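Enquirer: please find the sequence and the predicted model below.
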Amino acid sequence: MLNLGQMRLEAQRASDGVGDSFWSTPEWNDWLNEAATLMTVIASAYQQTMQFNTVAGQQEYPLPMRVGQILPGVKLLHGGVQRDLDTCSADDAQDGTSTQSVPNEYYLRGYTHKTVNQQTDGSLTLATIKEPRLVFGLSPVPDAAYTITLPYYARHYIMRADIDIPVIPPEHRRGLVAYAVSMAKQKEQAFAEADRFMAIFNEHAGKLRDRMIMRGKSGFPKAKTDEDDPRANKGNFGHMTVYEATE
Amino acid sequence: MPRQDGMKAPLDDAMKAWSLLDFSGGLQSEFDPNDLPANASPDCENVRGRPGRLLARAGSMDVVELPAAPDGGFFFYDSNGARRLAGFANGNIYDLTLGALTLVASGVYTAGNRIAAAVLNDKLYFSDGVTIGTSGPNQYGISYWDPVAGTVSPLISSGSVGTVPTPAAKCLLAYTGQLVLFNLKYVGGTTAKDQMLWSNVNDPTTIVGTNLFAIGQGQGGELNSAIQMGVSSVGVTPFQAIFVGKSQVGVFLMRGALSPSTLSETLINAPTGVLDGATVQYIPPGEKGGGYVCFLGTDRKVWFTDGINSGELSKAIRGELAQAISDRFSVSASAKFTSARNDQDFMYVLDIGRDSNGVSYCYCYDWEQQSWWRYRGWPSGYWAQGKDDDSQTVLYCLDRTNYKLWRANAGVDDDGTDIAPYWKTPYVHMGDPDVLKTFHWVYLAFRTNIAAITITATANMGEGSTASTTLTVTPDTTDTAQWDQAVWDGAVWALGGSATLSRFKKKGRTIVEDEDLPGTYRLLRGFDVQLKIARSTTTPSGHFEIYGLQQLYMARGRKRVA
C-alpha cells in the first residue's frame, strides 16, 4: 500500500537520490501527482456523474477540479423529463437576458486565471497559479433552476500529505514511481535511464486501461472492438481479438 | 544494418571524467588561467604541494613577547654544542633559546638599526653597522656573545702592526675562518659603503687595514648583502665564493683566497641589485637543481644566480609580486623585506611584510618542485632557521609588528587563527572550449582528522554560475588524536604512534539553485569550469591533505554554426 510519502521514498531510492538536494520534496510530489493524473487520463479510469442546479440568468458554471473530461450524454431535467443537451461553441452561444429560456446546448471553455502575479524580475509567483479547471456554459441562458446531469472522466485528486493514497490501484502504483524516476533522470540528463523508467510507466498505464475497457464486459470467449483505443489502427474497424478454444 | 555515423550510441549519455592528481605546478597567477596546465593554480593560498598531493601549510605559534621591535634574530651552536637563539631588540641582546625572554646584555647597539651577525668559533659576532662603542681607551664597531662564558664583549683590535680599530659593518660573514666585514663605518666616522675588510684566520681581533677590497667601486649603491655560496661547480675547478649584492644595481661573485692580490670580483650577469639584503638565501644543491643564491631584486623580481649566470625565479607570479611590493612601499617608504630558508619543506620563504590591510604575506619558492606558493597569515619580521630539541628543523620569526617571537611552520592554525587553505584549478575545458558541458559530480580523495572540505565550481564563458558542495567526513576515534600540534621546542608531529588518519573518498554534486524557484536546483553548465577546494569554515583547524579530484561531466554539444 504505497502512499505519497512511500512512493516518494521509492522513487528516491530508484534514482540514488535519497538525501540529494538536487531533487526537492515538492518536485517529487509534483511528479507523482503528474503521474497519477496522466495515468488516470490514459486509462480513462474513472467515469463518474455529477449534478447541479442552474441559476436563472447565470450562463457559466466553473466545474470542480475533479472534472477532467465531459462525456457525451449531458442531460437537463425539465418538466420531469431528462433532455439531452447538444454542444455548441462558446462563440456561438446565445447570451444576454433577452434570450433567457430553457437551455438546449452547452459549451466548455478553460478557466481564466487572474491571480498569477508577475514579479519585477519577470518571474511568476507560481504559488498563486490556480489549477486548471473547466467552465461549463449553457445556451441559451437559463431562465430558471434546472438540474444538469454531467457524466465525466474524473481527474486524479492532488495528493498533498504524505499519507495521501492515490486512487490508482495498488498493483499499478509502481508505475507512478517509475514516472517520477523518469522525470528525475531527465533532470539529471540520464536520458537512457529516463526512457527505461518511462516505459515502465507506460506499461502500467496501458494495463490499467485494458482493465478499464474489460470492466463490465462479460462472457467468454468474445470479440473485443474498441475504436477509442489509440493503439488500434485508426480509420479502420478497430482491432479484433479472437479467443479460440484450445484442446 | 550498420549504424549511421550520426546516430546516438548507447554510451553517448555516459558521463566523462576529468581528473586532477597532481598539484605541483603551484601558484601561477601571471599566466592566462585558461591556458595553465591542470596541476597549476591561478590562485591558491596557504597550501603547499608535495608530489601527488596538496597540503595545508603549517601554522605558527606565538611564544613570547619582545620588549620592542626586534632588529635581528640568529640561531647558532655554542662551544658546548648547545643550541642558541639570539634576539636583538631595544638595544639589548636576549637569549630566546628556551622560549623565554632572558636578557643577556643591554645597550649593545643602537635600537632601530638592523643587526648583521656571523658565527665564528662558536661565538656570535654582531654589529648594527653604525654604532661605534667605547671600552676604556678602545673604540670598536663589533661585539660578540660567548654563551658559554656568559659574556657579551666588544671586539677590541689586537693592536698589531697595520691593524685598524674594529669598524662597524652592515654585513658580516665568516669565510675560511676569517671574519669578513662589508659596508663599513670606521672608528672616527668615515664610511666606506663599497668596501669589504677581513680579519686574520681565526683571529677576528686582527683586522689589517690594507686587507680590503672595494666592490663595484662608486656605483650601484651600497653593499647590502653577503652570503657564502658554498662550493660552486661553475668554472673549471670547484671553488668557494661569496655572493655580494648592492642596493641599487649590481650583484657580484667574490672568489679566491682573502688577500688583495688573489681575491677577484666578477660582476654577475643580472640586470638588478638586491632590494633588501635580508632576502638573500643560499639554496643547497639537490637532485633537481639548487646550488644557487636567490634574492629579491631591485626590479621587484626574485632572481637566482650560480655566480656567473642568473635568471628570474618569479616568472609565474611576477605581476602579483611586484604589486605586493608596491603596496608595501605605499605603506612605508622604508619597507623591509626579509626571508628564510625552510629546509623542512624545501622552500625559500620571501617575507614581504604586512599589506595595507594589515595582513602579512610570504611567497614561498619550493626549490625541489620549482613552484611558488602564497602564504597568508604567518608572522612577519626577522627569520632564523634552527633546530628544536628533537633536532628537527624549525623556523623562528621575530615579529616586527607585534613584537613577539613565533615558531612558524608548526601546528594547524596561527596561534588559534584559522589559516584558511584553498586551491583553485585553472579554467578547465576538458579538451574542447567550444563544447557546452553539464557538470554533475565531484569526487575528492583526501585525508583528514576532522576537516570537512568545500568544493566550489564556477562555470566560465557560459552563464558564470557558481555551485558548491561540502564533503563531510566521520572520522573514527583514532583520528581525533591531536595532529600537527605546535609545541615549543618539541615534536612537530604530536600524533601518537598508534593513531592514524583516515583516507576518504567522497562525492558531491555541484548544482545551482534556480533563481526563479528558490529551493530547487539544476545542474551547473558552461564551456569550462574552475574548481576551488577549501577547508570548510565549520571545521577550520583540521588536517587538510588532498590526493586527487575528479569532475564528472557530460558534453552537451557544440554550437551550431550552419
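Expert: Received the coordinates, thanks.

Enquirer: can we go C-alpha only for contacts and neighbour counts from here?
Expert: Fine.

Enquirer: burial check on the closest residue to chain A within the stretch 151-300 of chain B, number of neighbours?
Expert: Distances between the stretch 151-300 of chain B and chain A by C-alpha to the nearest C-alpha are smallest at B:K288, namely 47.1 Å. Neighbourhood size, B:K288 [other C-alpha atoms under 10 Å in any protein chain shown]: 10.

Enquirer: report pLDDT for the residue lying closest to it once chain neighbours are set aside.
Expert: Leaving out its chain neighbours, the residue that sits closest to B:K288 by C-alpha to C-alpha, 6 or more residues apart in numbering or on different chains is B:E368, at 6.0 Å. What the model reports for B:E368 is a pLDDT of 91.

Enquirer: how about the one 3 residues further on?
Expert: Per-residue confidence for B:S371 comes out at a pLDDT of 96.

Enquirer: and if you look at B:K185?
Expert: B:K185 carries a pLDDT value of 96.

Enquirer: quick check: it touching B:D194?
Expert: No. The pair B:K185 / B:D194 is not scored as a contact, 10.9 Å apart, by C-alpha atoms under 8 Å.

Enquirer: and A:G57, that's in a helix?
Expert: No. A:G57: not assigned to a helix; according to DSSP: H, G, I helix; E, B strand; the rest coil it is coil.

Enquirer: so how far is B:W373 from it?
Expert: Distance, A:G57 to B:W373, by C-alpha to C-alpha, to the nearest Å: 84 Å.

Enquirer: more neighbours: those two, which one.
Expert: Set A:G57 next to B:W373 and count neighbours by other C-alpha under 10 Å: B:W373 wins out with 26 against 19.

Enquirer: check for me that the more buried one belongs to a strand.
Expert: Yes. The assignment for B:W373 is a strand, going by three-state DSSP.

Enquirer: tell me the spatial nearest neighbour of it, not counting adjacent residues.
Expert: B:C364 (5.1 Å).

Enquirer: what is the helix or strand encompassing that neighbour packed up against?
Expert: Assigned by DSSP states H and E, B:C364 belongs to strand B:360-366. Secondary-structure packing of strand B:360-366 (3 or more C-alpha pairs under 8 Å, 6 or more residues apart in numbering or on different chains; DSSP states H and E): strand B:347-354, strand B:371-376.

Enquirer: right, and these - which one's nearest A:L77?
Expert: strand B:371-376 (87.2 Å; C-alpha to C-alpha).

Enquirer: now do the closest one against strand B:347-354, angle only.
Expert: Put simply, strand B:371-376 runs at 40 degrees to strand B:347-354, going by axes from the mean of the first three to the mean of the last three C-alpha atoms, to 10 degrees.

Enquirer: show me the contact partners of the helix or strand just after strand B:371-376.
Expert: Reading on from strand B:371-376 to the C-terminus, the next helix or strand found by DSSP H and E is strand B:381-387. For strand B:381-387, the external contacting residues (C-alpha atoms under 8 Å, 6 or more residues apart in numbering or on different chains) are B:70-76, B:83, B:338-342, B:351, B:353, B:393-401.

Enquirer: was I right to think A:K75 contacts A:Y146?
Expert: No. Under the criterion of C-alpha under 8 Å, A:K75 makes no contact with A:Y146, lying 10.0 Å away.

Enquirer: shared neighbours, these two?
Expert: By C-alpha under 8 Å, 6+ apart, no residue touches both A:K75 and A:Y146.

Enquirer: who has more neighbours, the two?
Expert: For A:K75 versus A:Y146, the count of surrounding residues by other C-alpha under 10 Å is larger for A:K75: 21 against 18.

Enquirer: which residues touch that one?
Expert: A:K75 neighbours (C-alpha under 8 Å, 6+ apart): A:Q82, A:R83, A:D84, A:L85, A:I148, A:T149, A:L150.

Enquirer: and for the longest helix seen in chain A, what's in contact with it?
Expert: Criterion DSSP state H: the longest helix present in chain A is helix A:191-214. By C-alpha under 8 Å, 6+ apart, the list of residues contacting helix A:191-214 from outside reads A:39-40, A:42-45, A:172, A:174-179, A:181-186, B:10, B:13.

Enquirer: can you give me the mean pLDDT across that helix?
Expert: Averaging pLDDT along helix A:191-214 yields 90.

Enquirer: neighbours of the residue nearest to B:P433 when sequence neighbours are not counted, how many?
Expert: Among residues not flanking B:P433 along the chain, B:F527 sits closest, at 5.6 Å (C-alpha to C-alpha, 6+ apart). If you count neighbours by other C-alpha under 10 Å, B:F527 ends up with 25.

Enquirer: surely B:F527 touches B:M430?
Expert: No. Under the criterion of C-alpha under 8 Å, B:F527 makes no contact with B:M430, lying 9.0 Å away.

Enquirer: in chain B, what residue comes closest to chain A?
Expert: Closest to chain A within chain B is B:Y521: 5.3 Å, counting by C-alpha to the nearest C-alpha.

Enquirer: how about the nearest residue to that residue, chain neighbours excluded?
Expert: B:E513 (4.3 Å).

Enquirer: so who does the one you found touch?
Expert: The contact partners of B:E513, taken as C-alpha under 8 Å, 6+ apart, are B:A467, B:G519, B:T520, B:Y521, B:R522.

Enquirer: filter those residues down to the buried ones.
Expert: The neighbour-count test (16 or more other C-alpha atoms under 10 Å in any protein chain shown) marks B:A467, B:T520, B:Y521, B:R522 as buried among those.

Enquirer: quick one: which helix or strand includes the last one?
Expert: Under the criterion of DSSP H and E, B:R522 resides in strand B:521-526.

Enquirer: next secondary structure after the host helix or strand of B:L55?
Expert: Assigned by DSSP H and E, B:L55 belongs to strand B:53-56. Using DSSP H and E, the helix or strand that follows strand B:53-56 in sequence is strand B:60-65.

Enquirer: quick one: mean pLDDT for that following strand?
Expert: Strand B:60-65 comes out at a mean pLDDT of 94.
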